[in-house]
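J.: model the following, please.
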Amino acid sequence: MSLKVIGAGVGRTGTKSLQLALQQLGFDKCYHMESLFRDPARVKHWEAAHKKANPDWDALFEGFQAAVDFPVSIYYKELAAHYPDAKFILSVRDPEKWYESAFATIFSFEPPASMKLKLLFKAPFSSKVRHFFKVLALNEKSIWKSFFEGKFKDKEFAIQKFKDHIEDVKKTIPADRLLIYQPGDGWEPICEFLGVDVPETPYPRTNLRSNFHDWAMGVVKESFNL
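T.: This next block holds a predicted model:
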């Protein structure tokens, strides 16, 4: 199965809502960072991508029709080449609001010491737990130290990187393969772009800043029976 839709927007641009929207439109399943937390064994493919070591994209996305969020958006160029028929959705938002949201959520997220201790006790007996620690380490390397060059706390730098990424995507992906989308745009632009009917239900709105940490902790607890 080849990816049909790929999200080029970075995390905290409505990517979780976009995942749910695409799945509702029939592009099921849709890969998201949550997918990596729930199935961390696939981290080996992301490690290969980070090392530029010819990752097996098809194995990574086996069972998925779409993919969004970090770390997908970091490798949009490689994915565009590997899946030449895929369409791209570049989710964007106000840069200032994006930075505030990203700083307060994905950048600040860290499992508490008590949870890490429980995971460490499980690690010798669980390859899934060991892979999860590899995910945390790789996210630090690939997102914060590589993509943001270790300067995410520098607001001006991070926002410029955010803007540069948007411009790079616009220059790289042909217009007929690209939709530039803001979360408030609703169903119509996406449905027209993908050639599907507009649902009668409202566009999903989830994973807000106010409940992000509870949601992320819930994913980890559920994934590892903590």
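J.: can you point out the buried residues in stretch 150-164?
T.: 152, 158, 161, 162 (16 or more other C-beta atoms under 10 Å). Every residue, glycine included, has its C-beta placed from N, CA and C.
J.: and these, which two are furthest apart?
T.: Largest separation among the buried residues of stretch 150-164 by C-beta to C-beta: 152 and 162, giving 10.2 Å.
J.: quickly find the element holding the spatially most central residue of the chain.
T.: Taking C-alpha atoms, centre = their mean, the centroid of the chain lies closest to residue 69, which sits 1.8 Å from it. Assigned by DSSP states H and E, residue 69 belongs to no helix or strand.
J.: quick one, what contacts the closest residue to it other than its chain neighbours?
T.: Using C-beta to C-beta, 6 or more residues apart in numbering and skipping the chain neighbours, the partner closest in space to residue 69 is residue 15 (3.9 Å). Residues counted as contacts of residue 15 (C-beta atoms under 8 Å, 6 or more residues apart in numbering) are 7, 9, 32, 68, 69, 70, 91.
J.: got it, and residue 148?
T.: Residues counted as contacts of residue 148 (C-beta under 8 Å, 6+ apart) are 157, 158, 161.
J.: ramachandran angles for residue 143?
T.: Residue 143 adopts backbone torsions of phi -90, psi -60, taken as degrees, to the nearest 10.
J.: not counting residues beside it along the chain, what's closest to it?
T.: Nearest non-adjacent residue to residue 143, counting by C-beta to C-beta, 6+ apart: residue 70, 5.6 Å away.
J.: these two touch, right, that neighbour and residue 34?
T.: No. Assessed by C-beta atoms under 8 Å, residue 70 is found out of contact with residue 34, at 10.9 Å.
J.: out of these two, which sits in the more crowded spot?
T.: Using other C-beta atoms under 10 Å as the criterion, residue 70 and residue 34 rank with residue 70 on top: 21 against 17.
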